[in-house]
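Asker: here is the input, now give the coordinates:
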Amino acid sequence: MPKQIELMTNRDIFFQHLAQTSNIPLALDIDHASGSYIFDTKGKKYLDFISGIGVSNIGHCHPKVVKAIEFQSSKYLHTLVYGEFIQEPQTQLALKLCKLLPPSLDNVYFLNSGAEAVEAAIKLSKRITGRTEIVSFNNAYHGSTSGALSISGNELYKNSFRPLIPSVRILEFNNIKDLKNISTSTAAVFIEPVQGEAGVRIADPGFLQALNEKCKLTSTLLVFDEIQCGMGRTGKLFAFEHYGIVPDILLAGKALGGGLPLSAMICNKSLMDHFKTEPVLGHITTFGGNPLCCAAALANLDVILGEKLMDKVPEKEALIRGLLQHPKIHELRGKGLLLAMQLDNFDQLRKLILKCLDRGLILDWFLFDPTSVRIEPPLTISKEEIEFACEVILEEI
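Answerer: Alright, predicted model coming up:
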């Protein structure tokens, strides 16, 4: 090995040999993480006020999740492609989820990432209905793979990668009049009940009711993408529970795996069975439902429910809203512990993020809203940690 390569630091390797996604990475050199905190290699701790972008809903390395991972890792890891062997972590997690959901959502397909769950739902919708059109909404984020990107609602991130999949129609979010464009040619409507990357935009109850009725009228499948807003973040296990509407297909991800990569597409078995024929193996995945990830997810779900974390979300939201009062904060949008703090411009936002990082507080912005600060702490965050975070923000804004 050449001497210059042997002498490279992790930071050097990060910039030279690891793929970069922007010219301005935060580049923290991570040593370990625990609870609400991430620690760098110099021993400095950072309060993670964004939960790894909605992944670490019960904090980092929760002991029960770690124990479940250790136990499963001693038994078996990958055995065969998903759907062939009976594996207890998969079956028990599927059963747990189905018991917590309405009776119509009784069948689970496990995948690796949110984008993969979206891709699977696009395919299943077309296979069930025999239709080709997919409807979604402006500023929706459904993932970065070609199919998921096709139904995402921000042109800036799409234009460089065209042509994308055809027959996609983007409607205006929360505009009931625009629902007239859903027709008997529409296979499915994909919607985030709480739009994440748009800067936390909440669906109006009347709009979702009208959308549900339109989908039923046209025999169109209604798909709720709860990859970011699910798993207790809004104070309910899934945001659809706030609206009294049950989607035909529910997508989960991010926080589902307790820190490991896992997503799920959930629907009625009569719908899911379409993947079994014409063709056989209509959707396949090698690593989806990895037993280690499913074991972690089951422990993660037990913590959310057993520690009654969702019951504490409204109180923590109210505390954040009460503390973050400042003339430069124009709005604090959101639901539960998925909030957006509206500032004037990206320069102001970027400076705040960097100043807070220096103070040991991790913040972020939104992909489609570069003027709002993401506030998305773990559901396990303490009152004292919230007070510290808000104090730092107010001092540095």
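Asker: switch to C-alpha atoms for all contacts and neighbour counts from now on
Answerer: OK.
Asker: spatially central residue in this protein, please.
Answerer: Centroid-nearest residue in the chain, with CA atoms, centre = their mean: Gln228, separated by 2.5 Å.
Asker: so how far is Glu391 from Gln325?
Answerer: Between Gln325 and Glu391 the computed distance is 11 Å (CA to CA, to the nearest Å).
Asker: do Lys214 as well
Answerer: Distance of Lys214 to Glu391, computed by CA to CA: 46 Å.
Asker: between these two, point out the one with more neighbours.
Answerer: Lys214 (18 against 13; other CA atoms under 10 Å).
Asker: so what pLDDT did the more buried one get?
Answerer: The pLDDT attached to Lys214 in the predicted structure is 98.
Asker: what about it, distance to Ile128?
Answerer: As for Lys214, its distance to Ile128 is 18 Å (criterion: CA to CA).
Asker: next: Glu331.
Answerer: From Glu331 across to Ile128, the span is 42 Å (CA to CA).
Asker: and Leu28, what does it touch?
Answerer: Counting by CA atoms under 8 Å, 6 or more residues apart in numbering, Leu28 makes contact with Asp40.
Asker: tell me which helix or strand it sits in.
Answerer: Here Leu28 sits in a region with no helix or strand, counting by DSSP states H and E.
Asker: and the pLDDT at it?
Answerer: According to the model, Leu28 carries a pLDDT of 93.
Asker: do the same with Glu6
Answerer: Looking at Glu6, its pLDDT is 70.
Asker: neighbours around the closest residue in space to Gly230 that isn't next to it in sequence, how many?
Answerer: Once flanking residues are discounted, Gly230 sits nearest to Phe238: 4.5 Å by CA to CA, 6 or more residues apart in numbering. Burial of Phe238, expressed as a neighbour count using other CA under 10 Å, amounts to 22.
Asker: now do the contacts for Phe238.
Answerer: Contacts for Phe238 (CA under 8 Å, 6+ apart) come out as 226, 229-232.
Asker: check the gap between Val81 and Gln92 for me.
Answerer: Distance, Val81 to Gln92, by CA to CA: 18 Å.
Asker: and the contacts of stretch 172-183?
Answerer: The set of residues external to stretch 172-183 that reach it, using CA under 8 Å, 6+ apart, is 135, 137-138, 171, 203-204, 207-208, 210-211, 214-215, 218, 220.
Asker: and the nearest residue to Ala239 once chain neighbours are set aside, how far from Ser263?
Answerer: Of all residues not flanking Ala239 in the chain, Gly230 sits nearest, at 6.2 Å (CA to CA, 6+ apart). Taking CA to CA as the measure, Gly230 falls 11 Å from Ser263.
Asker: more neighbours: those two, which one.
Answerer: A direct count of neighbours by other CA under 10 Å for Gly230 and Ser263 places Ser263 higher, at 30 against 26.
Asker: against Lys254, how distant is that one?
Answerer: Using CA to CA, we find Ser263 at a distance of 7 Å from Lys254.
Asker: okay, and the common contacts of those two?
Answerer: Taking CA under 8 Å, 6+ apart as the contact rule, the neighbours common to Ser263 and Lys254 are 113-114, 227.
Asker: following element in sequence after the one helix or strand Met272 maps to, please.
Answerer: Met272 is part of helix 269-272 when elements are defined by DSSP H and E. Toward the C-terminus, helix 269-272 is succeeded by helix 291-306 as the next helix or strand (DSSP H and E).
Asker: contacts for that next one?
Answerer: Defining contact as CA under 8 Å, 6+ apart, one finds that helix 291-306 is touched by 58, 64-66, 68-69, 72-73, 76-78, 87-90, 92-93, 96, 232, 256-262, 309-310.
Asker: if you set the cut-off to 7 Å instead, what comes out?
Answerer: With contact meaning CA atoms under 7 Å, 6 or more residues apart in numbering, helix 291-306 is reached by 64-65, 68-69, 72-73, 77, 89-90, 93, 256-258, 260-262.
Asker: buried set for whatever helix or strand comes next after it?
Answerer: Counting by DSSP H and E, the element after helix 291-306 in chain order, helix or strand, is helix 313-323. Of all the residues in helix 313-323, those buried under the rule 16 or more other CA atoms under 10 Å are 313, 316-317, 320-321.
Asker: again, but for stretch 349-361
Answerer: Residues 349-350, 352-357, 359-361 are the ones in stretch 349-361 that count as buried (16+ other CA under 10 Å).
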